[in-house]
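J.: 3D, please:
(one chain, ligands or ions: 3)
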Amino acid sequence: MTIDLYTLKTLPKLPNPFPLIKNPLIQCLTNTVTVESVANALLYVGAAPVMADQEAEMAVFFDQNDGALLNIGSLSPEKIRNILLAARTADETKTPFVLDLVGVSASPMRNELAKEISRSKPTVIKGNLSEMRTFCGLGSSGRGVDAGEADQNETALVELGQAMQAWVANQQDTCLLATGPVDIVVDNSGIYYLKNGVDALGRFTGTGDIVGALVTAIIASGQPVLESVILAVSYFNLCGEKADVKTKGLADFRQATLNNLSLLLESDDWLTAIKGCQL
Ligand SMILES: Nc1ncnc2c1ncn2[C@@H]1O[C@H](COP(=O)(O)OP(=O)(O)OP(=O)(O)O)[C@@H](O)[C@H]1O
Ligand SMILES: Cc1ncsc1CCO
Ligand SMILES: [Mg+2]
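T.: Ligands and ions are numbered 1, 2, ... in the order given. Below you'll find the predicted structure:
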């Protein structure tokens, strides 16, 4: 089977999630590398970030937030306890939350942690193609927090889509997202492949972290989950496509991509540029 946009079913028509309803408050327990990028990306699209991960404040922030992002990119024993507490609190309070599987291909401890968090029924679990392979029990060529080349070819993409579907069959209320040159989204309605973006998005840090934050924000604003995931990934990738046209160095490309987060949403035009298909 080939992942061909022209022979597979087109995506359902998607509504514009912007401007986000109610300036959703997103509580982030995230890594120390990209924390500022994640906070600003949320502000640029009209959400309100709060970086709060202490046990003593968990209840008070879950009383206020509209959604939570749990990113396991940088860990300590205390951070692990706090992330697990946040996951249980999200489950108990029925707060939508997104788990980002940063580094699970590199560290079995992270994969075990991700499995434990997944018992609290995340709304969305995301990672790059290699991280999602590890999480779904497939072999992976990921190194550190990066995806490996061998996990990006068409055979691997088809295999991963099927493994994600098998995982979702056991946990039907969770939607899975694997990111890379082609993104795979799976929920209990099927498998979706998304094809926006440019290579340079894999070459500055935090792009996956930002996508996790954008998914959380759109869900927290009240949009359906599958739709939110497709819209968040596609929106971010289109911001990268627009930036790529004008810039050369990666630092300028990063700046322009982030700048576009607050610009592209001003009209509906970006919705017609979404490329993807449904199996
Ligand atoms: N080669 C590529 N072509 C098109 N889009 C890409 C490419 N690489 C990454 N992207 C896009 O960039 C975003 C981040 O994906 P990626 O898989 O690089 O995340 P990640 O490895 O978790 O990143 P990070 O660890 O820096 O947070 C996604 O929206 C993805 O679609
Ligand atoms: C580079 C890096 N290391 C841990 S988290 C992180 C940011 C990408 O998720
Ligand atoms: Mg990542």
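
J.: who's in contact with Arg105?
T.: You called it Arg, but residue 105 is Ser. Applying C-beta atoms under 8 Å, 6 or more residues apart in numbering to Ser105 gives the contacts 111, 130-131, 133-134, 140, 142-143, 147-148. The way it works is simple: take the backbone N, C-alpha and C, and place the C-beta from them, glycine included.

J.: repeat that with 6 Å
T.: Counting by C-beta atoms under 6 Å, 6 or more residues apart in numbering, Ser105 makes contact with 130-131, 134, 140, 142.

J.: Give me the distance from the one helix or strand Ala86 maps to to the chain's centre.
T.: Taking DSSP states H and E as the definition, Ala86 sits inside helix 77-93. Helix 77-93 has its C-alpha centroid displaced from the chain centroid by 19 Å (C-alpha atoms, centre = their mean, to the nearest Å).

J.: does it come close to ligand 2?
T.: No: judged by C-beta under 6 Å from any ligand atom, helix 77-93 and ligand 2 are separated, with a smallest distance of 11.9 Å.

J.: Which strands or helices does the helix or strand following that helix pack on?
T.: Past helix 77-93, heading to the C-terminal end, the next element that is a helix or strand (DSSP H and E) is strand 97-100. Strand 97-100 sits against strand 67-71, strand 124-128, helix 207-220, with contacts defined as 3 or more C-beta pairs under 6 Å, 6 or more residues apart in numbering; DSSP states H and E.

J.: how close does Leu214 sit to ligand 1?
T.: For Leu214, the distance to ligand 1 (C-beta to the nearest ligand atom, to the nearest Å) stands at 9 Å.

J.: what helix or strand does the residue found closest to that residue once you drop the neighbours it is linked to in the chain sit in?
T.: In this structure, Leu214 finds its nearest non-sequential neighbour in Ala232, 4.0 Å apart by C-beta to C-beta, 6 or more residues apart in numbering. Ala232 belongs to helix 225-246 when assigned by DSSP H and E.

J.: near ligand 2 at all, the helix or strand harbouring Ser130?
T.: For Ser130, the host element (DSSP H and E) is helix 129-135. No: against ligand 2, helix 129-135 shows no contacts by C-beta under 6 Å from any ligand atom, the least distance being 9.8 Å.

J.: From the contact counts, what lies against that helix?
T.: Using 3+ C-beta pairs under 6 Å, 6+ apart as the contact test, no helix or strand touches helix 129-135.

J.: got the contact list for that helix?
T.: Residues outside helix 129-135 that contact it (C-beta under 6 Å, 6+ apart): 101, 104-105, 111, 114, 140, 142, 147-148, 151-152, 160, 178, 180.

J.: Pull out the buried positions in whichever helix or strand comes after that helix.
T.: Scanning forward in sequence from helix 129-135 by DSSP H and E, the next helix or strand is helix 154-170. Buried residues in helix 154-170, defined by neighbour count with 16 or more other C-beta atoms under 10 Å: 156-161, 163-165, 167-168.

J.: Describe which strands the helix or strand following helix 154-170 pairs with in its sheet and in which direction.
T.: Heading C-terminal from helix 154-170, the first helix or strand you meet, by DSSP H and E, is strand 175-179. With DSSP bridges as the test, strand 175-179 is paired with strand 124-128 (parallel), strand 183-187 (antiparallel).

J.: could those strands go into JSON lines alongside mean pLDDT and mean neighbour count?
T.: Shown next, in JSON lines, are the strands paired with strand 175-179 (pLDDT from 0 to 100; neighbours: other C-beta atoms under 10 Å):
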{"stretch": "strand 124-128", "mean pLDDT": "99", "mean neighbour count": "29"}
{"stretch": "strand 183-187", "mean pLDDT": "98", "mean neighbour count": "25"}
